[in-house]
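Participant: After the sequence you'll find the predicted model.
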Amino acid sequence: MNKSSIRKKILKLRKKKYSKNLSIDLIKLSKFLDKKRFTSKIIGGYYPFNYELNILNILEKFEKKNYIISLPKISKNNQMDFFSWSFKEPLKINKYGIPETTSNKKIYPNILLIPLVGFDDQLNRLGYGGGYYDRYLSKAQDKRRIIKIGVGFSFQKIKNIPINKYDKKLDCIITEREIIE
């Protein structure tokens, strides 16, 4: 199967099986991050959209633990960057219908929570096909070490994700059931 047909199949399944009651375990995620020993704690999150696993409660708990939270914004040239955000601040809807921060304070996360369409045991991810995260990681990883954490539901796992030279492997994947390292 090619990426496009896998993506279509999983998105249909995600819509059918989606549950607001499924979430990731903050304790497991915190233990994973503690092993990485960061000097700064800047998290790049995402605002859940299109039946993605909702991580807002996780971001809120990290904010209370004095992590700096950021959300992505897409620029006119189809580049993605992260901008600071707090739960006290407003959001606006972008051209894709996704809420994004109104902040213009660009920051550079060292921890990225990346939404997944699909994933495999080899830490490969399948996104929506726009390449936003792969492009961002290509430019950002030259400047700093980034822990890339894929976030999705366990039913989004498939045996093998077809990959190409532009695809960036994750450091771990977290679902409502497990962490794959």
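Facilitator: Received it, and whenever you're ready, just let me know what you need.
Participant: For the nearest residue to K17 once chain neighbours are set aside, give me phi and psi.
Facilitator: Counting by CB to CB, 6 or more residues apart in numbering, the nearest residue to K17 once its immediate chain neighbours are dropped is F155, at 5.6 Å. All C-beta spots, glycine's among them, are computed from the backbone N, C-alpha and C. Main-chain torsions, F155, degrees, to the nearest 10: phi -70, psi 0.
Participant: so F155 makes contact with Y18?
Facilitator: No - with contact defined as CB atoms under 8 Å, F155 does not reach Y18; the gap is 9.8 Å.
Participant: residues in contact with the residue nearest to K17?
Facilitator: Contacts for F155 (CB atoms under 8 Å, 6 or more residues apart in numbering) come out as 13-14, 17.
Participant: ok, and the helix or strand in the chain with the lowest average confidence?
Facilitator: Within the chain, no helix or strand scores below helix 26-36, which has a mean of 78 by mean pLDDT, DSSP states H and E.
Participant: Would you mind writing the CA trace of it as CSV?
Facilitator: Written as CSV, here are the backbone C-alpha positions of helix 26-36 (Å, rounded to 0.1, in the frame of the first residue of the first chain):
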residue,chain,number,x,y,z
LEU,A,26,1.3,12.1,31.9
ILE,A,27,3.4,10.0,34.4
LYS,A,28,4.8,7.8,31.6
LEU,A,29,5.5,10.8,29.4
SER,A,30,7.2,12.7,32.3
LYS,A,31,9.4,9.6,33.1
PHE,A,32,10.5,9.4,29.5
LEU,A,33,11.3,13.1,29.4
ASP,A,34,13.2,12.9,32.8
LYS,A,35,15.5,10.3,31.2
LYS,A,36,16.5,12.9,28.5
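Participant: Show me what it is packed against.
Facilitator: Where contact means 3 or more CB pairs under 8 Å, 6 or more residues apart in numbering; DSSP states H and E, helix 26-36 is packed against helix 56-64, strand 147-151, strand 172-174, strand 179-180.
Participant: from the chain's centre, how far out does the longest strand along the chain sit?
Facilitator: Secondary structure of the chain per DSSP state E: the longest strand is strand 68-74. In terms of CA atoms, centre = their mean, to the nearest Å, the gap separating the centre of strand 68-74 from the centre of its chain is 11 Å.
Participant: Which neighbours in the sheet does the helix or strand following that strand have, and how are they oriented?
Facilitator: Using DSSP states H and E, the helix or strand that follows strand 68-74 towards the C-terminus is strand 80-84. In the sheet, strand 80-84 lines up against strand 68-74 (antiparallel), strand 106-107 (antiparallel) (DSSP bridges).
Participant: Tell me which of those strands sits most buried.
Facilitator: Mean neighbours per residue, mean count of other CB atoms under 10 Å, is largest over the strands paired with strand 80-84 for strand 68-74, with a mean of 21.
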